[in-house]
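**Q** coordinates only, sequence not included:
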């Protein structure tokens, strides 16, 4: 006697088949997506687009050992360059108004900057002796004082 699927078995078979088809479809989509295994592509894929890069300011030439930025002649602009390159902006924000870690330091004077960078209060790391000259601290203070509170 041959047994055929009864009506009671049709619904589970249909649901199982539907789940299998959906699973295979999703796996195929993911496997052929542009973001899967992109590091294994041998050549350039013109369909793949990356996020547009945004540059702040003029392009700076790369010399291999670091960025070649000539110091600005204006003290405020030089202070801004130092504020970024000496990692002040990392904690205190690009404009000195405070960041995720550091408090606002807009309007801080050079002598207070010297005291804070030498000691390294609270969670701030202390700068090594001679890492920031008095001229550099004066330029950073000029930049911080040029920003309106």
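**A** Good, I have the coordinates. Since the model is a prediction, treat every value here as computed from it, not as a measurement. Numbering: from 1, shown residues only.
**Q** tell me the domain boundaries of this structure?
**A** Domain segmentation of the chain under automatic domain parsing yields 7-40, 75-146.
**Q** give the rounded mean pLDDT of the shortest one.
**A** It stands for domain 7-40. On average, the pLDDT along domain 7-40 is 82.
**Q** how far is stretch 101-112 from where the chain is centred?
**A** 24 Å (CA atoms, centre = their mean, to the nearest Å).
**Q** ignore what I typed, I meant stretch 17-30.
**A** 36 Å.
**Q** also stretch 79-91?
**A** The answer for stretch 79-91 is 16 Å, by CA atoms, centre = their mean.
**Q** buried ones in it?
**A** Buried residues in stretch 79-91, counted by 16 or more other CB atoms under 10 Å: 79, 80, 81, 82, 83, 86, 88, 89, 91. For the C-beta atoms, the positions are set from N, CA and C on the backbone; glycine is no exception.
**Q** show me what contacts the fourth one?
**A** Residue 82 makes contact with 88, 132, 136, 139, 140, 143, according to CB atoms under 8 Å, 6 or more residues apart in numbering.
**Q** perfect, I'm done here.
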